[in-house]
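how does the following fold in three dimensions:
(one chain, ligands or ions: 1)
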Amino acid sequence: MTPTDCFVVQPNGALRGATIVPGDKSISHRAVMFGALASGVTHVRGWLAAGDTEATLRSVQALGIAIERRSPHDLTIHGGSFKPPTAPLNLVNAGTGIRLLAGIMVGQPFASVLDGSEQLRRRPMKRIVTPLRLMGADITATDDRAPLYIRPAPLHGIHYEMPVASAQVKSAVLLAALFAEGPTTVVEPGPARDHTERMLAAMGARLETDGQAVTLHPGAPLLPMNLTVPGDISSAAFPLVAALLTPGSDITLTGINLNPTRTGLLEVLQAMGADVTVTQTGLEAGEPVGSIRARHSQLKGVEVGGDVVVEMIDEFPILMVAALLAEGETVVRDAQELRVKETDRIHVMATELARLGAHIEETPDGFRVRGPQRLVGAVVDGHDDHRVAMSLAVAGMAASGETRVLDARCAGDSFPGFAEVMARLGAAIRVEALGA
Ligand code: S3P
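Alright, predicted model coming up:
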């Protein structure tokens, strides 16, 4: 796809069949970075080869780490010692990439610069810069945004109460803690995804969890891993909601990561009356994995707020689409973090869905929707935000007539092959190269 590619979507008939989805993005970022930190050879299967994770992989290679690829999804990482990079590390659009790597770079005996796209340069970095500086890190950044200029400095452990529930912040601090003198404790205000804790513990790091507090004791050597990345529930969310909204649909998504810090959407959809069945089949990479079966359902409105918000933080764009088609009112609160994702996802989704005829009331920390609403196909824009582009494509499937989602290439930041997977299930979607 080229940057101007678009999704062309028609209302479709029933979605049916079983499919896998690409590997979990959060785990794929971590597998590359943590594998690089381990002394020895890490094997990763099912790795997500997508825009965001490839940016992390290139950055790790630029730090002198050798990575062999038997296929785009099978990596052999020769971990050990980093070399000083010869140029700024470019994380492109990857918020997880830059924030976690910053936690690692502050602990290195050499200087580095972390940078990214214009979109990434607009995102807040103060949330990581503040605790890392409290640990002694030397970071210079204009207006606390990327590029981040990092110089070597001795680090010491801290006790840090995080003001926002964010796995990226928690992870950046825990990674820096590996290189600090003395233990570090992070206290989180809500149950943000815990992939960092699970993976570091599996690698031999000394971690203790006590309620919402996680403590890392530095010094234990990190052992290499042998892991298979499970499917990303945040990608599964798109076919899942499309099936719920389309009469006659019955699909099964297999091999999906069911980590309870990630399954908030399933809980909320079930409260909306969705016919969703979850079956755990095993464990992969220390994470529960299983299948999700979804059948067409008449949804009803729901109230969402509190702890579940962080457990589905990436799923609000697609929830907004489900809420439009649900009977009654849906109210989302406590989700102000959506305003500092790749885009302001509350505003961008409300604005783009309005082009399809939807009316969504924005609130400072969420939105209100009264459904069901009738959607009419139109031209909409993905705003270089993968989850926005894919959510709009699903909205197009529930609209009458044709919907064109411009700037759709960004779907490949997390879900390469999105249109192909949806089409195989029966969706009327194709990719059109514009200006080719
Ligand atoms: C992620 C954490 C979340 C999420 C992002 C991935 C991670 O961000 O939105 O897509 O892998 O740690 P925050 O930690 O900023 O909430």
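
which residues does D52 contact?
25, 29, 92-94, 96-97, 413-414 (C-beta atoms under 8 Å, 6 or more residues apart in numbering). Glycine gets a C-beta too; all of them are placed from N, C-alpha and C.

give me the element it is part of.
Using DSSP states H and E, D52 sits within helix 51-62.

after that helix, which helix or strand is next? Please name it.
Note on helix 51-62: by DSSP H and E, the next helix or strand toward the C-terminus is strand 66-71.

buried stuff in that following strand?
For strand 66-71, the neighbour count (16 or more other C-beta atoms under 10 Å) marks I67 as buried.

what lines up beside the helix or strand just after that strand in the sheet?
For strand 66-71, the following helix or strand on the C-terminal side (DSSP H and E) is strand 74-79. Paired with strand 74-79 in the same sheet, following DSSP bridges, are strand 40-45 (antiparallel), strand 66-71 (antiparallel).

so how far is strand 74-79 from its chain's centroid?
The chain centroid and the centroid of strand 74-79 are separated by 22 Å under C-alpha atoms, centre = their mean, to the nearest Å.

repeat for stretch 352-372
Its chain's C-alpha centre and that of stretch 352-372 lie 23 Å apart, by C-alpha atoms, centre = their mean.

now do that stretch, average pLDDT.
Mean pLDDT, stretch 352-372: 98.

contact partners of it?
301, 304-305, 320-321, 323-336, 338, 346-347, 349-350, 373-381, 383, 388, 392, 395-396, 399, 403.

spell out which residues of the chain are next to the ligand.
Residues of the chain found near the ligand (C-beta under 6 Å from any ligand atom) are 26, 96, 166-168, 171, 192-193, 313-314, 337.

8 Å instead?
25-26, 29-30, 95-96, 99-100, 127, 164-171, 192-193, 195-196, 234, 310, 313-314, 337, 340-341 (C-beta under 8 Å from any ligand atom).

quick one: low-confidence ranges for this structure?
Under the criterion pLDDT under 70, the flagged ranges of the chain are 1-4, 435-436.

follow-up on the earlier one: turn the contacts of D52 into TSV, including neighbour count and secondary structure.
Shown next, in TSV, are those (neighbours: other C-beta atoms under 10 Å; DSSP: H, G, I helix; E, B strand; the rest coil):
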residue	neighbour count	secondary structure
K25	26	helix
H29	30	helix
V92	19	coil
N93	22	coil
A94	27	coil
T96	23	helix
G97	30	helix
D413	23	helix
S414	28	coil
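
identify the farthest-apart pair in those.
K25 and V92 (13.3 Å; C-beta to C-beta).

restricted to helices, list the contacts of stretch 352-372.
Secondary structure from DSSP state H places 320-321, 323-325, 346-347, 349-350, 388, 392, 395-396 of the contacts of stretch 352-372 in helices.

tell me the contacts of A49?
Contacts of A49 by C-beta under 8 Å, 6+ apart are 22, 72-73, 416.

now list the buried members of these.
22, 73, 416.

wait, the second one touches G46, no?
Yes. H73 sits in contact with G46 when judged by C-beta atoms under 8 Å, with a separation of 5.7 Å.

need the residues touching each of those two.
Here H73 and G46 share the contacting residues G23, scored by C-beta under 8 Å, 6+ apart.

in this protein, which spans are helices?
For the chain, the helices defined by DSSP H cover 25-37, 51-62, 95-105, 118-121, 126-134, 167-177, 195-202, 233-245, 264-271, 316-325, 345-355, 386-397, 418-425.
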